[in-house]
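>>> Model the structure of this input:
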Amino acid sequence: MAKNAKIDRLTDEQRAVMVKEYLAGVTCKALTERFGCGKETLRRYIKSAVPPGQYRHGSAPVITDALLKQAIALSNDGMARKEIAERLGVNLKTLGEALRKRGVSIAKRTCRPRRETIPIIVDGLKRGLSKGEIAKQLGVAEITINNYYKDAMKRLGSSQKPTAPEPKPVNIEHLSQEERNAIAANAMWRGLERWRGANR
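Residues are numbered from 1 along each chain as shown. Okay, here's the model as predicted:
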């Protein structure tokens with residue numbers, strides 16, 4: 001078969017096999033080589049032949065009904081479309097196309113303003129939560145936390161900086177001979193370093 005053969009030269013059975021294999025995960029490139037069709041011709045046919053929302057851009061997974069249902073649930077929790085795509089590991093354009101074809105609309109941006117988001121992140125940091133845990137609490141992708149993280153750390157200020165513990169007095173009588181020797185050796189080295197500095 002010629003390399004640039006048109007799709008209509010294939011039999012109905014061949015076209016059915018092509019669509020079936022594509023939906024099973026075979027790439028357009030592999031199907032092009034197998035059926036001898038032009039790459040763009042095959043892609044256009046596949047895009048029109050597969051069920052709504054199941055055309056893959058690049059290596060993105062198919063947007064199944066279950067995946068779309070999950071996307072809608074995340075949207076209802078306040079997550080934006082881009083963050084939903086990142087969370088589900090799907091192509092943003094593919095997700096948008098699946099939503100359009102199925103008549104579903106979800107927000108492109110988060111509804112929570114910055115002035116409300118940063119205090120929540122600060123509170124999470126104070127409680128020792130990781131970025132991932134804070135992201136889950138906010139209902140956003142972890143990468144989104146990075147957009148606010150610097151400002152949140154500034155707001156924490158010095159209150160989160162650990163204070164150095166005060167040295168405890170040591171009674172030399174309670175130390176072993178080995179510990180006493182270590183203290184003496186350390187004092188000798190410090191004195192030698194001071195002497196070197198004074199004679200440079």
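>>> So what does the residue lying closest to residue 10 once chain neighbours are set aside look like in phi/psi?
Once flanking residues are discounted, residue 10 sits nearest to residue 35: 6.3 Å by CB to CB, 6 or more residues apart in numbering. C-betas here are computed from N, CA, C, even on glycine. Residue 35 adopts backbone torsions of phi -100, psi 0, taken as degrees, to the nearest 10.
>>> Centre of the chain to the longest helix anywhere in the chain, how far?
Secondary structure of the chain per DSSP state H: the longest helix is helix 177-198. How far helix 177-198 lies from its chain's middle: 51 Å, per CA atoms, centre = their mean, to the nearest Å.
>>> pLDDT of it, averaged?
Here helix 177-198 scores 74 as its mean pLDDT.
>>> now stretch 94-114
Per-residue scores along stretch 94-114 average to 72.
>>> Not counting its own residues, what contacts the longest helix of the chain?
172, 175 (CB atoms under 8 Å, 6 or more residues apart in numbering).
>>> next one: stretch 100-107
So stretch 100-107 is contacted by 52, 53, 68, 71, 72, 75, 80, 81, 84, 99 (CB under 8 Å, 6+ apart).
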